[in-house]
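Peer 1: Sequence and predicted model, in that order:
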Amino acid sequence: MCGIVGFTGTRSAAPILLDSLKKLEYRGYDSAGLAIMDTGLIAGNKPEGTITVSKVRGRIANLCEKTCDGELLPGLTGIGHTRWATHGAPTEENAHPHLSNDGRFAVVHNGIIENYLTLREELIADGYHFESETDTEVIVHLIEMYYKGSVRDALIKTANRLSGSYALGVICSDEPGKIYAVREASPLILGIGIDENFFASDVTALVNHTRNVIYLEDGEFAELSKESIRIFDVSGQVIHKKTKRIMWDVQAAEKGGYEHFMLKEIMEQPGAVKATIAPRIKNGKVEFDELTDLIPYLPGIRKIIITACGSAYYAGCAGKYALEKLCKIPVEVQLASELRYSDPLIDEETLVIVISQSGETADTIAAMKECKARGAKTLAIVNVVGSSVATISDFTVYTWAGPEIAVATTKGYTTQIAVLYMIALYIGDSLGRIDGDYGKMVETIQALPRRIQQAIDMNPGIPAFAKKYHESKALFFIGRNTDYAVALEGALKMKEISYLHAEAYAAGELKHGTIALIEEHQPVIALCCNPSIMEKTLSNIVEVKSRGAEVLALTFRSNQKILSVADDLLFIPKVDALFSAVIEIVPLQLLAYHVAKENGCDIDKPKNLAKSVTVE
Ligand code: F6R
């Protein structure tokens, strides 16, 4: 997904922007570019304010090579971009920054301008010439059109013409030393330095330079020079906003000795789940200070809808069982991309739980807005503080997973489920509906970080299984009930990073069609961690084995029946099945990781995928 950065100060801008762009590489991109303004104060041989643009297709490394690590672009002010193609192919022409026809403005943009075709026709009729196929280019020509000596006025008038989502970075050759930022439905953060200031679409691009930041909100504009930051609204009124301090450790955003971010993040799960759980358990009770205002609404809630995309959706599938059992409220889990267009039966008696690691997923935001418009209360489970989902929802519970860099989520997913378990206990207890041993359940949850570590330690055989299975044509994951929910995520992890065809099936469905696919040596990964349904899954294992399948079963060490029928085994420690999904997924994450490694895949940045899906 696209990333934007901006810098103004007393140091050479290009190397700083290149470094910040590298920090955004994890988001996925296909081209990159810089626009640097010559301030005439350092060895540029162009008049003060001249904007020079350099763009490449492919990696930031190509941009470093093309610009001699930025040396060929002298200047103290600039903007940069990594592009993930939406409108127009990933070419150098379509890469950002885009220049106005008079060369006075350069613009970088994240998001999508929905009315760009109409605007493009209008601008062409007015004599503007387009160099690219992008939706972004209309922005820079509109700014040129509206510019009558005040960049601020031109930006406000331009923003009034745009529909869609945008985070913009703008420089103007009439104002050397200034960078402008505009936000509407796409993240943008200002970084405050000493004699220098920054902006970026993601804090990871800022933390090397500053930890003091301001989160822009929708409809806000910022004018940054090396000494000052001014923020204003659509009417041009100045706004005063609070500075926040980023507590993330720089090391936390780097690989910390592991070969890949994904492996590091898998290994961080005991700590991430602990950080998420521990502050919310006080004196043997689950407490959410952030949910106290929700309590009065709970007796009137007749239905819970969980909505999310991808792994976050699968986290919802896994958490549904605990919510239904402990709260005695029916729970539906719906894909946000479906829910938003489904004219859903949602009203004031519905609690909508929205799950998103990034908090910026376009479909999830749209689904949440739809639910709010129908009167539902929305409760978001989010990892990124100040993100759009967190800002829009009525209630927000943060997962404290820390920054997740690998595109495939791991600790994001497990911390989401941990929060769902605790919300189930919290709501169930508030409503007085828990009929099991509440104290024991809290203890089970408190032990989850330890159990995750055990699940990591119990499976030294995973690299060998990866060698055995990595050339398979397809992998089938089967399970029932809570095991099926985890199978869905296990299959997604496998396909997205190893590019193997992997599918999850509810084990009881095999005989309704899928079993036709089972042939000699077909690997089947069978999840058998739910004692209430184990005998049934065992019959399914026997069914596929009798058709020649090789079964890799995931179960407890004491599960003699499964041990005697499976070909290979993955283990987890024994945990109440209602709360075991966060443990079960861990060996499957490691299996996907090692299969991808065997297949030589780009594990942290799988092809065609982006970390934060901010467009529909
Ligand atoms: C898969 C993965 C995606 C995300 C999905 C939602 O590993 O990461 O499926 O889970 O794009 O993203 P968030 O949680 O940021 O809303």
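Peer 2: Nice, thanks for sending it over.
Peer 1: all contacts plus neighbour counts: C-alpha atoms, from now on.
Peer 2: Will do.
Peer 1: residue of the stretch 401-550 of the chain with the smallest distance to the ligand?
Peer 2: In the stretch 401-550 of the chain, the residue that lies nearest the ligand is Ala408 (3.3 Å; CA to the nearest ligand atom).
Peer 1: ok, now which ones touch that residue?
Peer 2: By CA atoms under 8 Å, 6 or more residues apart in numbering, the contact set of Ala408 is 262, 493, 496-497, 604, 611.
Peer 1: any chance you could map the strands in the stretch 51-200 of the chain?
Peer 2: Counting by DSSP state E, counting those that start in this stretch, one finds strands in the stretch 51-200 of the chain at the ranges 51-57, 77-83, 98-99, 105-113, 164-172, 179-184, 189-192, 197-200.
Peer 1: closest to the ligand out of the ones you listed?
Peer 2: From the strands of the stretch 51-200 of the chain, taking CA to the nearest ligand atom, the stretch that ends up closest is strand 105-113, at 15.5 Å.
Peer 1: ok, that closest one: who's next to it in the sheet?
Peer 2: Here strand 105-113 is paired, per DSSP bridges, with strand 98-99 (antiparallel), strand 164-172 (antiparallel).
Peer 1: coming back round to it: could I get the contacts of Ala408 in a markdown table, plus columns for neighbour count?
Peer 2: Below are these laid out as a markdown table (neighbours: other CA atoms under 10 Å):
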| residue | neighbour count |
| --- | --- |
| Met262 | 26 |
| Lys493 | 26 |
| Glu496 | 21 |
| Ile497 | 26 |
| Asp604 | 22 |
| Lys611 | 22 |
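Peer 1: out of these, who's nearest Glu175?
Peer 2: Within the contacts of Ala408, distances to Glu175 taken as CA to CA reach their minimum at Lys611, with 34.7 Å.
Peer 1: Identify, by residue count, the longest helix of the chain.
Peer 2: helix 411-430 (DSSP state H).
Peer 1: right, is it up against the ligand?
Peer 2: No. Looking at helix 411-430 against the ligand by CA under 6 Å from any ligand atom, there are no contacts, and the closest approach is 7.3 Å.
Peer 1: mind listing what's buried in that helix?
Peer 2: Buried residues in helix 411-430, counting neighbours by 16 or more other CA atoms under 10 Å, are found at 411-429.
Peer 1: And stretch 67-75, by the same measure?
Peer 2: 67, 69-70, 73-75.
Peer 1: Same question for stretch 555-575.
Peer 2: By neighbour count, with 16+ other CA under 10 Å as the criterion, the buried positions of stretch 555-575 are 555-556, 562-563, 566, 569-575.
Peer 1: circling back to that earlier point, hey, which of the strands of the stretch 51-200 of the chain is tucked in deepest?
Peer 2: Comparing those on average neighbours per residue, with mean count of other CA atoms under 10 Å, the densest one is strand 77-83 at a mean of 32.
Peer 1: Next, the angle strand 105-113 makes with that one.
Peer 2: 30 degrees (axes from the mean of the first three to the mean of the last three CA atoms, to 10 degrees).
Peer 1: Quick one: work out the angle between strand 77-83 and strand 179-184.
Peer 2: 40 degrees.
Peer 1: State the mean pLDDT of strand 77-83.
Peer 2: Confidence for strand 77-83, expressed as mean pLDDT, is 96.
Peer 1: do the same with stretch 231-246
Peer 2: 94.
Peer 1: related to what we said a few turns ago, Throw the strands of the stretch 51-200 of the chain into a markdown table and include distance to Ala376, thanks.
Peer 2: Below are the strands of the stretch 51-200 of the chain laid out as a markdown table (distance: least, CA to CA, whole Å):
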| stretch | distance to Ala376 |
| --- | --- |
| strand 51-57 | 45 |
| strand 77-83 | 36 |
| strand 98-99 | 42 |
| strand 105-113 | 28 |
| strand 164-172 | 24 |
| strand 179-184 | 24 |
| strand 189-192 | 30 |
| strand 197-200 | 33 |
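Peer 1: could the ones you listed be laid out in a markdown table, adding distance to the ligand?
Peer 2: Shown next, in a markdown table, are these (distance: least, CA to the nearest ligand atom, whole Å):
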| stretch | distance to the ligand |
| --- | --- |
| strand 51-57 | 25 |
| strand 77-83 | 18 |
| strand 98-99 | 28 |
| strand 105-113 | 15 |
| strand 164-172 | 17 |
| strand 179-184 | 18 |
| strand 189-192 | 18 |
| strand 197-200 | 18 |
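Peer 1: who wins for proximity to Pro587 among those?
Peer 2: That would be, of the strands of the stretch 51-200 of the chain and by CA to CA, strand 77-83, which comes in at 34.0 Å.
Peer 1: and the closest one, which strands flank it?
Peer 2: strand 3-8 (antiparallel), strand 31-37 (antiparallel).
Peer 1: out of the ones you listed, which comes closest to Ile246?
Peer 2: Nearest of the strands paired with strand 77-83 (CA to CA): strand 3-8, 17.2 Å.
Peer 1: CA-only coordinates of that closest one in CSV, if you can.
Peer 2: What follows is strand 3-8 as a C-alpha-only set of coordinates in CSV (Å, rounded to 0.1, in the frame of the first residue of the first chain):
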residue,chain,number,x,y,z
GLY,A,3,3.4,5.4,1.8
ILE,A,4,4.2,9.1,2.0
VAL,A,5,6.9,11.1,3.8
GLY,A,6,7.9,14.7,4.0
PHE,A,7,10.8,16.6,5.5
THR,A,8,11.9,20.2,6.1
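Peer 1: now the angle from the helix or strand following it to strand 77-83?
Peer 2: Going down the chain from strand 3-8, the next helix or strand is helix 13-23, by DSSP states H and E. Angle of helix 13-23 versus strand 77-83, following the same axes, to 10 degrees, is 30 degrees.
Peer 1: what's helix 13-23 packed up against?
Peer 2: Packing partners of helix 13-23 (3 or more CA pairs under 8 Å, 6 or more residues apart in numbering; DSSP states H and E): strand 3-8, strand 31-37, helix 60-66, strand 77-83.
Peer 1: Let me know which of the strands paired with strand 105-113 is the nearest to Gly193.
Peer 2: strand 164-172 (17.8 Å).
Peer 1: Now the strands paired with strand 77-83 in JSON lines, please, with extra columns for distance to Pro270 and mean neighbour count.
Peer 2: Converted to JSON lines, the strands paired with strand 77-83 look like this (distance: least, CA to CA, whole Å; neighbours: other CA atoms under 10 Å):
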{"stretch": "strand 3-8", "distance to Pro270": "30", "mean neighbour count": "32"}
{"stretch": "strand 31-37", "distance to Pro270": "36", "mean neighbour count": "31"}
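Peer 1: out of those strands, nearest to the ligand?
Peer 2: strand 3-8 (15.2 Å).
Peer 1: Write out the residues of the stretch 401-550 of the chain neighbouring the ligand.
Peer 2: Contact residues (CA under 6 Å from any ligand atom) of the stretch 401-550 of the chain with the ligand: 407-409.
Peer 1: Pro97 contacts Ala35, correct?
Peer 2: Yes. Between Pro97 and Ala35 there is a contact under CA atoms under 8 Å: 6.2 Å.
Peer 1: residues bridging contact with those two, i.e. touching both?
Peer 2: The contact lists of Pro97 and Ala35 share 53, 79-80, 106, where a contact means CA under 8 Å, 6+ apart.
Peer 1: for the longest helix of the chain, packing partners?
Peer 2: Here helix 411-430 touches helix 269-277, strand 285-286, helix 310-327, strand 377-382, helix 438-446, helix 581-598, going by 3+ CA pairs under 8 Å, 6+ apart.
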